[in-house]
Structure formats: structure tokens, C-alpha cells
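Student: Dropping a prediction and its sequence here:
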Amino acid sequence: MRIIMVTAGNYGARVVNTMAVHGLAPQIVAVFDYTGEGGDFLDDPSSLLPSRTPDADLTVAAGLGGDLNLVAAEIAAESGSGGIIVESHAPGQLPDGLRSEIDSLVDCAIFPTPFCSLEPVGDPHIDAFASRFGKPEVEMEGNERVVSVKVKRSAPCGSTFYVAENIRGVPLDEVDVAAGEKFHNYPCLASMEVDPRFGDTHLHVAGYLTREAFKRAAGVPGAHAEVDPEVCRGAECGFICMDVCPLVRLSMGTIRRGVTAEVDPFSCGACEKCMRECPSGAKKMMGPGKR
Ligand code: SF4
Ligand code: SF4
């Protein structure tokens with residue numbers, strides 16, 4: 001697979017570096033860096049196109065603001081890329097109108113928000129990328145403590161590799177807390193501003209996704225919301241907890257709708273939003289320090 005990277009700023013550089021260090025260097029056929037170029041609105045995005053664009057199968061845009069993402073889409077079209085991945089890690093980075101314009105230029109455009117929520121979508125080239133970078137996934141060895149961690153899929157910024165390297169020796173029942181702490185040490189460059197699309201910050205969501213990977217691998221769910229099925233009145237409240245859960249709003253299956261609401265304890269980020277909004281008091285927080 002031939003990949004073109006279109007980047008700007010520290011975030012873009014970090015993604016390119018992660019991909020190159022962790023196995024995709026031979027597949028990157030060009031990096032077009034737009035650090036310091038443009039703004040949210042460009043009169044003529046085509047004026048920023050490179051003089052020569054190599055053929056490619058996939059274009060990845062990372063760290064671009066506003067109309068610079070259109071430049072990436074035009075590069076993708078020019079290169080023959082069937083797919084483009086345009087990440088966003090801050091609110092307002094990619095308005096709906098811009099997504100539609102990008103959609104119209106490339107066969108398959110996807111917009112992972114944040115980038116570390118990316119999973120396979122059914123496009124061969126995007127899925128080849130998403131098998132290695134996107135929503136974190138790890139395998140862990142260890143009985144009572146973490147002995148080793150294999151990263152199956154890393155957040156594109158590389159934070160999953162960092163957490164994996166620094167979590168060895170931690171007791172399995174402390175993996176949730178330790179993974180959260182290591183993740184915040186990295187540091188993640190995602191925004192701390194609340195995104196109205198999902199009612200939380202990109203930084204927090206990135207942390208939830210990282211902790212989920214390590215909790216699943218450890219087999220210990222850590223802090224999470226739990227529903228009392230005797231108390232839950234989902235049919236009456238309209239499953240309001242699903243409307244406020246940032247992960248459900250990002251299409252993760254964190255809360256399922258059955259006869260009552262059901263929380264996946266590994267996916268839950270323990271943000272407590274559902275507990276605060278539940279009109280029946282059916283949600284309580286479980287796990288270390290929560291009972
Ligand atoms: S847990 Fe609370 S908010 Fe969620 S469906 Fe049940 S009653 Fe409604
Ligand atoms: S605490 Fe509730 S709202 Fe927050 S992530 Fe878990 S299930 Fe979703």
C-alpha cells in the first residue's frame with residue numbers, strides 16, 4: 001500500500017513519526033507538510049497543491065485545520081487514492097460542510113474523531129491502515145502483574161506504545177488507573193475543549209479508549225458505571241443515559257439498550273455523566289475507590 005501523509009504542526013509530525021517508526025516507513029511515498037500555512041478559510045485551496053503528486057492508495061490528513069483538509073482531499077484525488085482518512089482532535093477542526101466537500105472528492109472518506117477511535121470500515125486500504133493504527137488494542141501477559149504487553153493497534157500518535165512500555169510490573173487490578181496515568185504523561189495533543197458532538201473533550205475520550213484497551217487485556221474492568229436492573233426504567237426515561245454517554249455518541253457500544261440499560265464495563269470511561277442524568281438513580285460507579 002502506498003500512503004501520502006498531509007500534515008501540519010506537532011500533531012501531524014507525531015503521527016508521521018509513529019507510523020514510520022512502527023513499520024509503515026516503506027509505504028509512505030510522500031509527506032506534504034503545511035505547518036504555518038493557511039487558516040480556517042482558504043480562497044483557493046488548489047493554490048497550495050504540490051507541483052507533483054505521486055500515485056497512492058491512501059491519503060492520511062493529520063493535524064490540519066479548516067480548509068487545509070480540502071487541500072489534502074485534492075491531493076488524494078490527484079494521487080488516485082481511493083480512500084482518505086481525515087482525523088480531528090479538536091472541536092470545530094472539521095465542520096460538517098467541509099466533510100461533505102471532502103466526501104465529494106474521494107471514493108471513501110472517513111473522519112475519525114478523535115483519530116484513536118478509528119476502526120475498520122470496509123475499505124481495503126483504510127482497513128489495512130486501521131489494522132495497525134487507530135483504536136488501541138493490546139495483548140498482555142502476566143498472572144498477578146503485567147509481565148509484557150504487545151501492541152496490536154496503537155493510537156496514531158504513538159501513546160499506546162508509550163503506555164505499553166511503562167506499565168510492566170503493575171498489578172492487573174491497578175491497570176486501569178496506571179494506564180490512565182501513563183496516557184496523561186505522554187502527553188496526548190488532543191484538545192481539552194468540550195466538543196458538543198459528544199459532550200466531552202477529545203483528550204478525555206482518547207484516555208477512555210486507551211484505558212479500555214489495557215483493561216480488556218488485563219481482564220479487569222476497573223472503574224465503570226453499573227446499572228441496577230431492578231431500578232432502571234429505560235422505557236420510561238427513553239434511555240437518556242445513552243444520549244449523554246460520550247462513547248455512545250461516538251458510536252461505541254458502551255451502553256446497550258435491552259429491557260434495561262446495560263453498560264460494558266471495559267468500554268466505560270467512568271465519566272459519571274450517565275449516573276448524574278439517570279432520573280431513577282439506577283446507575284452507580286463500581287471499581288477502585290468507587291464502591
Ligand atoms: S440507567 Fe437510568 S437513564 Fe439509563 S435507561 Fe435506566 S433509568 Fe434511564
Ligand atoms: S460513566 Fe456512563 S456516560 Fe460515562 S463512559 Fe461510562 S457509561 Fe458512558
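Tutor: Good, I have the coordinates. Ligands and ions are numbered 1, 2, ... in the order given.

Student: Tell me if the helix or strand of the chain with the lowest mean pLDDT is near ligand 1.
Tutor: Least confident element among the helices and strands of the chain, by mean pLDDT, DSSP states H and E: strand 283-286 (a mean of 88). Yes: contact of strand 283-286 with ligand 1 (Cβ under 6 Å from any ligand atom) involves Lys283. In short, each C-beta sits where N, CA and C put it, glycine included.

Student: buried residues in that strand?
Tutor: Along strand 283-286, the positions that meet the burial threshold by neighbour count (16 or more other Cβ atoms under 10 Å) are Lys283, Met285, Met286.

Student: Quick check: bridge partners of the first one?
Tutor: Counting by DSSP bridges, Lys283 is bridged to Val227.

Student: Test my guess that it contacts Arg233.
Tutor: No: with contact defined as Cβ atoms under 8 Å, Lys283 does not reach Arg233; the gap is 11.9 Å.

Student: Report the contact partners of the residue in the stretch 51-200 of the chain that ligand 2 sits nearest to.
Tutor: Using Cβ to the nearest ligand atom, the single residue of the stretch 51-200 of the chain nearest to ligand 2 is Asp200, 8.3 Å away. Taking Cβ atoms under 8 Å, 6 or more residues apart in numbering, we find Asp200 in contact with Val194, Pro246, Cys271, Lys273.

Student: Dump those residues into TSV; add neighbour count as well.
Tutor: What follows is those, written out as TSV (neighbours: other Cβ atoms under 10 Å):
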residue	neighbour count
Val194	14
Pro246	22
Cys271	21
Lys273	19
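
Student: Among those residues, name the ones that also lie close to ligand 2.
Tutor: When the contacts of Asp200 are checked against ligand 2 using Cβ under 6 Å from any ligand atom, the ones in range are Cys271, Lys273.

Student: which one of the contacts of Asp200 sits closest to ligand 1?
Tutor: Lys273 (10.4 Å).

Student: From what I see, Ala25 and Met19 are in contact.
Tutor: Yes: Ala25 is within contact range of Met19, at 7.4 Å (criterion: Cβ under 8 Å).

Student: Specify which residue of the two has the higher count of neighbours.
Tutor: Neighbours were tallied for Ala25 and for Met19 using other Cβ atoms under 10 Å; the higher tally belongs to Met19 (24 against 11).

Student: now the helices for the stretch 1-150 of the chain?
Tutor: Along the stretch 1-150 of the chain, counting by DSSP state H, counting those that start in this stretch, helices occupy 9-19, 68-79, 96-105, 124-130.

Student: Where does pLDDT dip in this structure?
Tutor: Residues of the chain that meet the criterion pLDDT under 70 lie in 39-40, 289-291.

Student: Can you name the residues that contact Ile4?
Tutor: With contacts defined as Cβ under 8 Å, 6+ apart, Ile4 is in contact with 28-32, 53-54, 56, 58-60, 75-76, 79, 81.

Student: please redo it, this time with the cut-off set to 7 Å
Tutor: When contacts are counted by Cβ atoms under 7 Å, 6 or more residues apart in numbering, Ile4 touches Val29, Ala30, Ala56, Thr59, Ile75, Ser79, Ser81.

Student: same question, Ala217
Tutor: Taking Cβ under 7 Å, 6+ apart as the criterion, Ala217 is in contact with Val138, Glu139, Met140.
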